[in-house]
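Participant: A structural model of the following input is requested.
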Amino acid sequence: MSKHTPHPQPARSISLQGTSNFRDLGGYKGFEGRTVRWRALFRSDHLANLNAQDLAQLHALNISRSFDFRGVQESAAQSYDWPALQRFSLSIEPTVVQRLQVQQKSGVALSKADALDAMQTTYRDFVRTDSDRFAQLFEHLLANNQPLVFHCTAGKDRTGLAAALILHALGVCEADILQDYLLTNALYKRVHSASSTIDPEVMAIIWQVQEGFLQASLEVIEAEYGGVANYLRERLGLTPAAVHQLRSLYLASAAPSI
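Facilitator: Next comes the predicted model:
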């Protein structure tokens, strides 16, 4: 009897010259042990610096839609309009950097504690003031399952929470959701700006992710909705029928029983 050889999994991180944090949400075990489909859901940092080779790779992956969480000034400063990639703006602002710049202009020196507090406040605000944007993303996810990418500037905060909510809706366990969230720290490469007047140690906190940041969002969700499932249903409009539809679109078919 021949030994079964499993197919190798596709690469999670997609190497592109114009981004560093472009990756696939596929492969995580979800509802009923069914895995998230590979090459359907992608998350990324911004797409303004893609080159022709990168765009050809997106075309090869059949990615035809992008969902941009960047604020108005962010997206204007690094805009893109790529052929065959339909961009949808799901603007969330202000960014944490803008918050800290306002504080710094007041004459108060910024500390690492300020940065941590600003990050956690930002994540709380995602839930309290920006939930409509996440609801819109789910509407697009439910419209069809053609491959798509969602992103912000670094692909870590707005994008990180969006990815966590999607994976939760698909039944992925908390440990894998956190693992995916923290993967940014291994992948994202920030282009350093000499013009920044914020302390480098403060900036180091801003441009990475910590479990406590995501937890700040989840604590608000728990306190105000009684858990992520209730938040998805009550605030984002993801009814049981919609959850079932989402899972049918983005989870692989159950493996046949032996």
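
Participant: Name the residue closest to the centre of the chain, please.
Facilitator: In the chain, the residue lying closest to the centroid (C-alpha atoms, centre = their mean) is residue 159, at 2.4 Å.

Participant: can you list contacts of the longest helix anywhere in the chain?
Facilitator: Longest helix of the chain, by residue count under DSSP state H: helix 112-129. Helix 112-129 is contacted from outside by 92, 95-96, 99-100, 103, 134, 157-158, 161, 201-202, 205-206, 210, 212-214, 216-217, 219-221, 224, 231, using C-beta atoms under 8 Å, 6 or more residues apart in numbering. C-beta coordinates here come from the backbone N, C-alpha and C atoms, glycine included.

Participant: Would you mind identifying the next helix or strand past it?
Facilitator: Sequence-wise, the next helix or strand downstream of helix 112-129 (DSSP states H and E) is helix 131-143.

Participant: Tell me the helix or strand right after that following helix.
Facilitator: Past helix 131-143, the next helix or strand by DSSP H and E is strand 148-151.

Participant: just to revisit the earlier point, between the host helix or strand of the residue nearest to the centre of the chain and helix 131-143, how big is the angle?
Facilitator: Assessed by DSSP H and E, residue 159 sits inside helix 158-169. Using axes from the mean of the first three to the mean of the last three C-alpha atoms, to 10 degrees, the direction of helix 158-169 lies 50 degrees away from that of helix 131-143.

Participant: which helices and strands does helix 158-169 pack with?
Facilitator: strand 41-44, helix 112-129, helix 131-143, strand 148-151, helix 174-182, helix 211-225, helix 228-234, helix 240-250 (3 or more C-beta pairs under 8 Å, 6 or more residues apart in numbering; DSSP states H and E).

Participant: thought residue 172 was touching residue 27?
Facilitator: No. The pair residue 172 / residue 27 is not scored as a contact, 10.0 Å apart, by C-beta atoms under 8 Å.

Participant: Which residue of these two possesses the greater neighbour count?
Facilitator: residue 172 (23 against 16; other C-beta atoms under 10 Å).

Participant: if we can go back for a sec, quick one: closest of the helices and strands packed on helix 158-169 to residue 32.
Facilitator: Among the helices and strands packed on helix 158-169, the nearest to residue 32 by C-beta to C-beta is helix 240-250 (8.6 Å).

Participant: Buried by neighbour count: which residues of the closest one qualify?
Facilitator: Within helix 240-250, the residues scored as buried using 16 or more other C-beta atoms under 10 Å are 242, 243, 246, 247, 249, 250.

Participant: And the fifth one, how close does it get to residue 130?
Facilitator: The reference is to residue 249. 24 Å (C-beta to C-beta, to the nearest Å).

Participant: mind putting the buried residues of helix 240-250 in TSV, distance to residue 124 included?
Facilitator: As requested, those are arranged in TSV below (distance: C-beta to C-beta, whole Å):
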residue	distance to residue 124
242	25
243	25
246	25
247	28
249	30
250	28
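
Participant: Out of these, which is nearest to residue 46?
Facilitator: residue 250 (23.7 Å).

Participant: contacting residues for the closest one?
Facilitator: Taking C-beta under 8 Å, 6+ apart, one finds 36, 37, 40, 41, 141, 145, 166, 170 in contact with residue 250.

Participant: Can you verify my assumption that residue 63 contacts residue 87?
Facilitator: No. Residue 63 lies out of contact with residue 87 (C-beta under 8 Å); the separation is 11.6 Å.

Participant: Before I go, just wanted to say thanks for your time.
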